[in-house]
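Novice: Fold the following and give me the result.
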Amino acid sequence: MEIVLNTFGVSLNRDNEAFVITQKGERHRIPVDDVKSIQISRGALISSDAVMLAVEHEIEPKTRIRYSFRED
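Specialist: Purely as a prediction, here's the structure:
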């Protein structure tokens, strides 16, 4: 499973050996063994505990943020 956090205000936390996605009061628990990748966009939150859980299981959280610079 791929976790994609692309909604403003969505958060990813850790609950023992699982990730917990919370959005607008709803919680979804996903066992770490079911997760293959995590993608994070702007406006999403990820706890340091969730990052550590991902790293411990060789899941690299990736950002989906693109930057552009304009010279005037």
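
Novice: What values do phi and psi take at the closest residue to Lys24 other than its chain neighbours?
Specialist: Among residues not flanking Lys24 along the chain, Gly9 sits closest, at 7.3 Å (C-beta to C-beta, 6 or more residues apart in numbering). The C-beta positions use only the backbone N, C-alpha and C, and glycine is treated the same way. Main-chain dihedrals, Gly9, degrees, to the nearest 10: phi 90, psi -10.

Novice: how close does Gly9 get to Glu60?
Specialist: 24 Å (C-beta to C-beta, to the nearest Å).

Novice: Let me know the distance separating the residue nearest to Lys24 from Glu26.
Specialist: For Gly9, the distance to Glu26 equals 12 Å [C-beta to C-beta].

Novice: do Glu58 as well
Specialist: 28 Å.

Novice: for stretch 15-26, which positions count as buried?
Specialist: Applying a neighbour-count criterion of 16 or more other C-beta atoms under 10 Å, one finds Ala18, Phe19, Val20, Ile21 buried in stretch 15-26.

Novice: Which of the residues you listed fall within strands?
Specialist: Per DSSP state E, strands hold the following members of the buried residues of stretch 15-26: Ala18, Phe19, Val20, Ile21.

Novice: so what's the third one up against?
Specialist: Right, Val20. Shown in contact with Val20 (C-beta atoms under 8 Å, 6 or more residues apart in numbering): Leu12, Asn13, Arg14, Arg27, His28, Arg29, Ile30.
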